[in-house]
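A.B. asks: Just a sequence and a predicted model for now, questions to come.
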Amino acid sequence: MWSGDYRFLISNLVMRDFKVRYRNMSLGVFWSLLNPLVMMGVLTFVFTQIFPNPSIKNFPLFALCGLIPFNFFAITWISATTSLVDNANLVKRVSVPRQAFPIAAVFSSCIHLCVQIALLLSLVITFGRGFNIYWLWLPAIWGLEVVFVCGLGLMFSAMNVYIRDMQYVVESCNMILFWLVPIFYFTVPERYYEIYQYNPITALVVALRDILLDGKAPPATLLYKLTFVSFAALTLGSAVFGRMKRGFYDHL
Amino acid sequence: MPFIEFLNVSKTFSRHKKRMLLRSHFQVLLQELHKDRFYALKDVSFKIRQGENVAIVGANGAGKTTLLSLTVGLAVPDHGRIAVSGKIVGLLELGSGFHPDLTGKENVFLNAALLGLSKKKCEDAFDRIVEFSEIGDFIDEPLRTYSNGMIMRLAFSVAVNVEPDFFVVDEVLAVGDQSFQEKCFEKIAELKSDGRSLICVSHSAGIVRQLCERALWLDHGELLVDGKTEDVLKMNEGHCVSRTKAST
């Protein structure tokens, strides 16, 4: 029924989120950098002064490789989940494709992500080992992460229309994930390692550290699993969304 | 040729509003909470062809907005079928999708994108939209500085410039001042002569008479009469008079 321009629509929705958020902030994009830097400082203090772990070199960069993917995932998942309810007036009044709202929420987050990745890479160049050929993997693994979040976002935004408690479920999951993703630790016992690799955020963190800190290619099994889980999430998310969208008008 | 056809369409809504909570989903599972539904539309059939201007009249709660929402494709009918060919653009609420912190220009682009305009077409139409809306220099000011009338003019200008086959409007024509209203009517007449249609809901008999040659009268979700505007309005007025008499 709607025969418009998808890219123009998404870019306008992303632009709206971005401009509305920053027009009322004097420091603007700086806020995107502040949060990971503060967390990095706190974690570095705790794990070099209180519980020192000598096996991890260059702890600040190590922590940042965990924090940036995790923050991106947590913030994007929650904002995509609430996107349909937040835009209820549009969903009920304008016949745009409903997928546009969670997808636009994901891409709005990607703007902040780009700023944070730029910070990470410049810190690696300044204080770490600098550029290496494996950096070429970075767009692919970040891209897979975005695919994964799009899948989750589609699924949970649709469910949040029917059950408004869903956003609190997501918040709790994020709390749990903060501990289950190796943000400030390194080694996972052998018997859990296989399962750990199936978590796309863990996979991204591990791959980032391999590439940026150790200068080696991420293991192939990890990449297979990341690809598989990401596209499985997108397929499932689209299917759930497609089934549920018929009832959005009645439930918003 | 573009058309809109409703075939025995019914739409029901659930009466209890608490279903959004997890708690009530469990309740439904556990004790089979009986589903209390009411008909917003009941067995409605009609066909609108290209170039016809049709008004939908009826009392509050008669199902007019539901009918428009189904036409635009926002809601899905419970029974029956809706067949549509051609491009439909709906203006179901004054400035839905407008954001107060964005400038008029940014809102025009956002709104045009929501209504399905491509980037190129939007850039081409932008000057026309601003000119038609008579916003002038305010176009670069944030929308929260606008008056209601200005927002309405901007919303209407964007929507008519999408050039739909069917332009669906819910009771928003009454907002602008006299001269802008006349301009809107002229534009609608122009669209009609291009073979485009207006489908509108209005409580103002004057507007309905001026714009539409055909009217559908809805009452409690049922299509009572479908006919010439003049006849339908007469019957509707007669009905209202008799209802007021009965209540006194």
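C.D. replies: Happy to help now that I have it.
A.B. asks: tally of neighbours for the residue lying closest to A:Arg7 once chain neighbours are set aside?
C.D. replies: Across the structure, with C-beta to C-beta, 6 or more residues apart in numbering or on different chains as the measure, the residue nearest A:Arg7 apart from its sequence neighbours is B:Lys119 (7.8 Å). Where C-beta positions appear, they are placed from N, C-alpha and C, glycine not excepted. B:Lys119 is flanked by 16 other residues according to other C-beta atoms under 10 Å in any protein chain shown.
A.B. asks: try A:Val42
C.D. replies: Counted with other C-beta under 10 Å, A:Val42 comes out at 12.
A.B. asks: For it, give its distance to chain B.
C.D. replies: 33 Å (C-beta to the nearest C-beta, to the nearest Å).
A.B. asks: how much space between B:Asp127 and B:Ile139?
C.D. replies: Relative to B:Ile139, B:Asp127 is positioned 10 Å away (C-beta to C-beta, to the nearest Å).
A.B. asks: the more surrounded of the two?
C.D. replies: Ranked by neighbour count (other C-beta under 10 Å), B:Asp127 and B:Ile139 place B:Ile139 first, with 17 against 9.
A.B. asks: residues in contact with the more buried one?
C.D. replies: B:103-105, B:108, B:130 (C-beta atoms under 8 Å, 6 or more residues apart in numbering or on different chains).
A.B. asks: Kindly check the end-to-end length of stretch B:200-214 for me.
C.D. replies: 11 Å (C-alpha to C-alpha, to the nearest Å).
A.B. asks: State the mean pLDDT of it.
C.D. replies: The average pLDDT for stretch B:200-214 rounds to 86.
A.B. asks: Other residues contacting that stretch?
C.D. replies: Contacts for stretch B:200-214 (C-beta under 8 Å, 6+ apart): B:52-57, B:64-65, B:68, B:168-171, B:173-174, B:185, B:188, B:198, B:215, B:226-230, B:233, B:237.
A.B. asks: Could you rerun that using 7 Å?
C.D. replies: Applying C-beta atoms under 7 Å, 6 or more residues apart in numbering or on different chains, the contact partners of stretch B:200-214 are B:52-57, B:64-65, B:68, B:169-171, B:173-174, B:185, B:188, B:198, B:215, B:228-229, B:233.
A.B. asks: What subset of the residues you listed is buried?
C.D. replies: Buried members of these, scored by 16 or more other C-beta atoms under 10 Å in any protein chain shown, are B:52-57, B:64-65, B:68, B:169-171, B:173, B:188, B:198, B:215, B:229, B:233.
A.B. asks: Among those, name the ones in helices.
C.D. replies: B:64-65, B:68, B:188, B:229, B:233 (DSSP state H).
A.B. asks: Please list the members of the contacts of B:Ile139 that lie in helices.
C.D. replies: Using DSSP H, these in helices are B:104-105, B:108, B:130.
A.B. asks: and the closest residue to chain A within chain B, what does it touch?
C.D. replies: As assessed by C-beta to the nearest C-beta, chain A sits closest to B:Gly116 within chain B, at 2.9 Å. By C-beta under 7 Å, 6+ apart, B:Gly116 lies in contact with A:2-4, B:162.
A.B. asks: Any buried residues in the helix or strand in which B:Gln181 is found, and which?
C.D. replies: Counting by DSSP states H and E, the element that carries B:Gln181 is helix B:178-193. Neighbour counts over helix B:178-193 (16+ other C-beta under 10 Å) mark B:180, B:183-184, B:187-188, B:191-192 as buried.
A.B. asks: Please report phi then psi for residue 134.
C.D. replies: Assuming you mean chain A. Dihedral pair for A:Tyr134: phi -70, psi -10, per degrees, to the nearest 10.
A.B. asks: try again with chain B
C.D. replies: According to degrees, to the nearest 10, B:Glu134 has phi 60, psi 30.
A.B. asks: residues touching the closest residue to it other than its chain neighbours, list them.
C.D. replies: Among residues not flanking B:Glu134 along the chain, B:Arg153 sits closest, at 6.3 Å (C-beta to C-beta, 6+ apart). B:Arg153 sits next to B:133-135, B:176, B:180 when contact means C-beta under 7 Å, 6+ apart.
A.B. asks: What mean pLDDT does whichever strand or helix holds A:Gly143 get?
C.D. replies: Assigned by DSSP H and E, A:Gly143 falls within helix A:138-162. Helix A:138-162 carries an average pLDDT of 94.
A.B. asks: just stretch B:177-192 next, same as before
C.D. replies: pLDDT averaged over stretch B:177-192 gives 84.
A.B. asks: which other residues reach that stretch?
C.D. replies: Here stretch B:177-192 has contacts from B:51, B:53, B:149, B:153, B:156, B:160, B:167, B:173, B:176, B:198, B:210-211, using C-beta under 7 Å, 6+ apart.
A.B. asks: Now with 10 Å, please.
C.D. replies: B:51-53, B:132-134, B:149-150, B:152-153, B:156-157, B:160-161, B:163-165, B:167, B:169, B:172-176, B:196-198, B:200, B:207, B:210-213 (C-beta atoms under 10 Å, 6 or more residues apart in numbering or on different chains).
A.B. asks: Give the buried subset of those as a PyMOL selection command.
C.D. replies: This is how PyMOL selects the buried members of those, with burial counted by 16+ other C-beta under 10 Å:
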select buried, chain B and resi 52+53+132+133+134+150+152+153+156+157+160+161+164+165+167+169+172+173+175+176+196+197+198+200+207+210+211+212
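A.B. asks: In strands, which of the contacts of stretch B:177-192 appear?
C.D. replies: Per DSSP state E, strands hold the following members of the contacts of stretch B:177-192: B:167, B:169, B:197-198, B:200.
A.B. asks: biggest separation within those, which pair?
C.D. replies: B:Val169 and B:Ser197 (11.0 Å; C-beta to C-beta).
A.B. asks: Quick check, the residue in the stretch 1-150 of chain A closest to chain B?
C.D. replies: A:Gly4 (2.9 Å).
A.B. asks: Hmm, that residue is touching B:Leu115, no?
C.D. replies: Yes: the criterion here is C-beta atoms under 10 Å, and A:Gly4 meets it with B:Leu115 at 7.2 Å.
A.B. asks: what's the overlap in contacts for these two?
C.D. replies: With C-beta under 10 Å, 6+ apart as the test, A:Gly4 and B:Leu115 both reach A:95-96, B:87, B:162.
A.B. asks: So what touches stretch A:11-28?
C.D. replies: By C-beta under 10 Å, 6+ apart, stretch A:11-28 touches A:5, A:29, A:31-34, A:79, A:83, A:87, A:90, A:96, A:100-101, A:103-112, B:97, B:99-103, B:106-107, B:109-114, B:119, B:122, B:142.
A.B. asks: and the helix or strand hosting A:Thr126, anywhere near chain B?
C.D. replies: When elements are assigned from DSSP H and E, A:Thr126 belongs to helix A:100-127. Yes: using C-beta under 10 Å from any C-beta of the partner chain, helix A:100-127 reaches chain B at A:Ala100.
A.B. asks: from the chain's centre, how far out does that helix sit?
C.D. replies: Centroid separation for helix A:100-127 versus its chain: 9 Å, with C-alpha atoms, centre = their mean, to the nearest Å.
A.B. asks: Surely B:Val76 is in a helix?
C.D. replies: No: applying DSSP: H, G, I helix; E, B strand; the rest coil, one finds B:Val76 to be coil, outside a helix.
A.B. asks: mean confidence score for stretch A:174-186?
C.D. replies: The model assigns stretch A:174-186 a mean pLDDT of 89.
A.B. asks: what's next to that stretch, contact-wise?
C.D. replies: Taking C-beta under 10 Å, 6+ apart as the rule, stretch A:174-186 contacts A:39, A:42-44, A:46-47, A:51, A:53, A:55-56, A:59, A:62-71, A:73-75, A:77-78, A:173, A:188, A:192, A:196, A:199-206, A:209.
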